[in-house]
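A.B. asks: I would like to see how this sequence folds:
(one chain, ligands or ions: 1)
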Amino acid sequence: MACKNLFFVGVFALGFVATDLAQAQDYVPGEVIVKLRESSGSEQAFAFLGKAMTDRQMQLEGAFGRIDLYHFKLGKGQSVQQAIAELSQDPAVEYAEPNYILRKSSQTGIENSFSLEEIGQRLSSGEDLFATSAPVDFYESWSAPSAQSSSRPIVAVIDTGLDLSHSVFAHNNVVWRNPGEIPDNGIDDDGNGYIDDVYGWNFVNNSGHMFDDDGHGTHVSGIVLSVAHDIFSGESFDSKIQIMPLKFLDGNGMGTTGNAIKAIYYAVNQGAQVLNNSWGGPNYSAALHEAISFSYSKGVSFVAAAGNAGSSNDQAPMYPASYNVPHVMSVAATTNSDFLASFSNYGFNSVHLGSPGTSILSTVPGDKFGNSSGTSMAAPFVAGVAALMKRESPLMEGFQIKSIINEESDPISFLSGKVFSESRLNFANPIVRAKSEALVDSPVYSSGVPTRQLASTTGGCGTVSTMYMDRHHQSGRGGGMGAGRGSGLGYVILVLALMALPLVVAVALRARAKADSPESRRRHERFKFDSEVKVNVGGRELVGSVSSISLGGVQINTEAMLEQGGIVSMSISSPDGKEQIQVEGRVVWSEAKKAYGVAFEQAPDSALSQIRSWTKA
Ligand code: CA
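C.D. replies: Prediction:
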């Protein structure tokens, strides 16, 4: 854990004292993320999951569909380090890693609190509210010649959430709306695994209820939008871009790798074309690397804050900014005098460009405006420009957008040797160029993800020296550095959404079945079944039908909503309706609004033998 130790030495040397335990940990206690070598449907995967749940008492928290990635809670008393060491020895396991903690990349909290009226008064009295953040010439991008495109690219702001009631966002048609979802009906109308995800998703409390209990996400979203429109005028506009708020950072600006990964897959699968990531951490995660590689394969732009440690990412990487995927844009913060901000991370080989990031004025919750500093504020300017480029050229991919932004940025002497382009974002030229530029192919890339050693808790440090820039090695290392998962894009294309995949479902059911069955080493055969089931959930009795059954669980159909992970007690009837068994179960998956997989929890032997006799026929 050399990197981690270095990091903490640094923190304490500066005189900070961790205020609570959570601050002192860089991963979630008692949780691991495991990638299997074999596909989710295979016998080896079944065997591993069964063993994990029975022998190791691990609890399945989430399954990342067809990328064979699983998020577990460990059994009581198991340490993450120990579990990873042991799991890494399992031949079925490609890698196991902690669920690392990530933090927002703002240097300051929100300063000042102006109402729209106050902003107006100050502007009309000649005060230059943007003086502190000049040269934020986003006015240039407003007047950049436009193709009059009607496309409204979606920018996913993966952050602390968004104050949807802020007048800038509540009007102006700014916030993305999921076209397939009917609000507040308690149903996953579009079958994407998220119920009532009308305006994005809150991965912190796992709901469609969007708010911003920190302020960071609202500020960042306002910056993205300010590239396209004057958000300070109070005048209404028809937004050229859409903001998709995805909340994975909590009220303290902290989140987990597991939720960041879910947010990235959500964003890409729901059609976001630009992903803004004003957050990070010092730990390399192979699973996050894979998620970002997936986003690359879909042609999106991925913008990341370089970090605020005032240090070189060439020496001490900051993730996700330092993932060397060809579309990742790592953004440093510049001051109003075009200096590199004192807090900003830099790195000639790992940070791409500068962008204004000190005392930036933007939206804050409560229908106000305020200032904040950080690479968190620098990244969304780049995301805004990328979105307007997408608007001009909807098929242009993230790799080309990054190349153009780098090439069109303005050379700044203070950035010489500090960032790859040695330049600061130009707000207009990339948009003009996108309008007429011929499309180029993105290079093939494989995340080359990780040998088991690389992915262990100590592995992140080892990747420091292998980071490089794609302009130097465009076709070099990308395909060749890894454990050989086969051709990169082909593999990545196999990657699909989270949860709600029947394949995973079957795995979860079967694994759980093993855990609960006396015949725990054998797979349970599943039988088509047609009978009635009464489900008792928290005192409510619901009636549904059983469509299949095994010794491990049932698939039931009901119009009522069952909560995933919830415990239910069931009275299952035989097909002729003459016999019933009573059994407890856990809802392990749901699908298409009304089909649920329920895994038995400690089913009594009498019930199991009853199922055997029913299914013999
Ligand atoms: Ca949904």
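
A.B. asks: how about the helices of the stretch 501-617 of the chain, start to end?
C.D. replies: 502-516, 605-616 (DSSP state H, counting those that start in this stretch).

A.B. asks: could you tell me the least trusted of those helices?
C.D. replies: Out of the helices of the stretch 501-617 of the chain, helix 502-516 stands lowest, with a mean of 40 (criterion: mean pLDDT).

A.B. asks: distance of Ser115 relative to Asp159?
C.D. replies: 23 Å (Cβ to Cβ, to the nearest Å). All C-beta atoms are positioned from the backbone trio N, CA, C, and that covers glycine.

A.B. asks: the more surrounded of those two?
C.D. replies: Asp159 (30 against 12; other Cβ atoms under 10 Å).

A.B. asks: contacts only, for that one.
C.D. replies: Asp159 is in contact with 104, 216-217, 220-221, 245-249, 276, 278-279, counting by Cβ atoms under 8 Å, 6 or more residues apart in numbering.

A.B. asks: now Phe343
C.D. replies: Gln107, Asn308, Ala309, Gly310, Ala333, Ser373, Gly374, Thr375.

A.B. asks: point me to the helix or strand that includes the fifth one.
C.D. replies: For Ala333, the host element (DSSP states H and E) is strand 328-334.

A.B. asks: that older thread, highest neighbour count among the contacts of Asp159?
C.D. replies: Neighbour max across the contacts of Asp159 (other Cβ under 10 Å) = Val220, 37 neighbours.

A.B. asks: whichever helix or strand that one is part of packs against which elements?
C.D. replies: Secondary structure assigned from DSSP H and E places Val220 in helix 216-226. If contacts are counted by 3 or more Cβ pairs under 8 Å, 6 or more residues apart in numbering; DSSP states H and E, helix 216-226 sits against strand 154-159, helix 167-170, strand 242-247, strand 360-364, strand 368-372, helix 375-392.

A.B. asks: try it again at 6 Å.
C.D. replies: When contacts are defined as 3 or more Cβ pairs under 6 Å, 6 or more residues apart in numbering; DSSP states H and E, helix 216-226 packs onto strand 154-159, strand 360-364, helix 375-392.

A.B. asks: next, the angle helix 216-226 makes with the first one.
C.D. replies: Between the direction of strand 154-159 and that of helix 216-226, the angle (axes from the mean of the first three to the mean of the last three Cα atoms, to 10 degrees) works out to 150 degrees.

A.B. asks: the shortest one now?
C.D. replies: If you take the same axes, to 10 degrees, strand 360-364 sits at 120 degrees to helix 216-226.

A.B. asks: and strand 360-364, what does it pack onto?
C.D. replies: Contacts defined by 3+ Cβ pairs under 6 Å, 6+ apart place strand 360-364 against helix 216-226, strand 368-372.

A.B. asks: ok, back up a step: the helices and strands packed on helix 216-226: which one's closest to the ion?
C.D. replies: Evaluated over the helices and strands packed on helix 216-226, closeness to the ion peaks at strand 154-159, with 15.6 Å, by Cβ to the ion.

A.B. asks: off-centre distance for that closest one?
C.D. replies: Put simply, strand 154-159 sits 10 Å off its chain's centre (Cα atoms, centre = their mean, to the nearest Å).

A.B. asks: okay, the helices and strands packed on strand 360-364 in JSON lines with mean pLDDT and distance to Asp196 next?
C.D. replies: Formatted as JSON lines, these follow (pLDDT from 0 to 100; distance: least, Cβ to Cβ, whole Å):
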{"stretch": "helix 216-226", "mean pLDDT": "97", "distance to Asp196": "20"}
{"stretch": "strand 368-372", "mean pLDDT": "95", "distance to Asp196": "28"}
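
A.B. asks: okay if I get those as CSV plus distance to Ile405?
C.D. replies: Compiled in CSV, those are given as follows (distance: least, Cβ to Cβ, whole Å):
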stretch, distance to Ile405
helix 216-226, 14
strand 368-372, 23
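
A.B. asks: tell me the most buried of those?
C.D. replies: Scoring these by mean neighbour count under mean count of other Cβ atoms under 10 Å gives helix 216-226 as the most buried, with a mean of 30.

A.B. asks: all helices for the stretch 101-250 of the chain, in order.
C.D. replies: Using DSSP H, counting those that start in this stretch, helices in the stretch 101-250 of the chain cover 116-124, 138-143, 167-170, 216-226.

A.B. asks: how about the stretch 251-400 of the chain?
C.D. replies: Under DSSP H, counting those that start in this stretch, the stretch 251-400 of the chain gives helices at 257-269, 286-297, 375-392, 398-408.

A.B. asks: turn those helices into JSON lines, including mean neighbour count, distance to Asp137 and mean pLDDT.
C.D. replies: Shown next, in JSON lines, are the helices of the stretch 251-400 of the chain (neighbours: other Cβ atoms under 10 Å; distance: least, Cβ to Cβ, whole Å; pLDDT from 0 to 100):
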{"stretch": "helix 257-269", "mean neighbour count": "25", "distance to Asp137": "28", "mean pLDDT": "95"}
{"stretch": "helix 286-297", "mean neighbour count": "25", "distance to Asp137": "29", "mean pLDDT": "95"}
{"stretch": "helix 375-392", "mean neighbour count": "30", "distance to Asp137": "10", "mean pLDDT": "97"}
{"stretch": "helix 398-408", "mean neighbour count": "23", "distance to Asp137": "13", "mean pLDDT": "98"}
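
A.B. asks: looking at the helices of the stretch 101-250 of the chain, which is closest to Glu61?
C.D. replies: helix 216-226 (24.0 Å; Cβ to Cβ).

A.B. asks: residues in contact with that closest one?
C.D. replies: The contact list for helix 216-226 (Cβ atoms under 6 Å, 6 or more residues apart in numbering) reads 104, 106, 138, 155, 157, 159-163, 212, 231, 243, 253, 278, 362-365, 372, 380, 383-384.
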